[in-house]
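In: Give me the fold of what follows.
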Amino acid sequence: PGSCQDILDGGKPVPVEPLDDSHVVAVVPVEEREGVARQAVESASIAVTDGLTAKQIRALSDQVVAKLKERGIL
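Out: Here you go, the predicted structure:
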């Protein structure tokens, strides 16, 4: 997913920069970070749980984003 999904959705590729000889790092624009965090929480919730409702997943995502904002990460 990531950049490929963005392109499929009509967006632009996510730029990457070399970190060292074998790794690259993607720079997520500030205005997209909250959405990226929400998507990560939602994807992880779906991948590792069987019984969470959509409402519960959204609530969990809201809590994580609120904590990240509280800590100054978002």
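In: The residue most central in space within the chain: which element?
Out: By Cα atoms, centre = their mean, the mean C-alpha position of the chain lies nearest to residue 36, the distance being 2.6 Å. Using DSSP states H and E, the element containing residue 36 is helix 33-48.
In: Same check on residue 57?
Out: helix 54-70.
In: What are the buried residues along that helix?
Out: For helix 54-70, the neighbour count (16 or more other Cβ atoms under 10 Å) marks 57, 60-61, 64-65 as buried. (Each C-beta comes from the backbone N, C-alpha and C, glycine too.)
In: Which residue of the protein lies farthest from its centroid?
Out: residue 21 (25.2 Å).
In: residue contacts, that residue?
Out: For residue 21, no contacting residues are found, by Cβ atoms under 8 Å, 6 or more residues apart in numbering.
In: Helix or strand with the lowest mean pLDDT in the protein?
Out: helix 3-8 (a mean of 79; mean pLDDT, DSSP states H and E).
In: Show me the contact partners of that one.
Out: Contacts of helix 3-8 (Cβ under 8 Å, 6+ apart): 12-14, 26.
In: Of these, which is the most crowded?
Out: Neighbour counts for the contacts of helix 3-8 (other Cβ atoms under 10 Å) peak at residue 14, which has 17 neighbours.
In: Secondary structure of it: a strand, I assume?
Out: No: the assignment for residue 14 (DSSP: H, G, I helix; E, B strand; the rest coil) gives coil, which keeps it out of a strand.
In: was I right about residue 46 contacting residue 57?
Out: Yes: between residue 46 and residue 57 there is a contact at 7.1 Å, judged by Cβ atoms under 8 Å.
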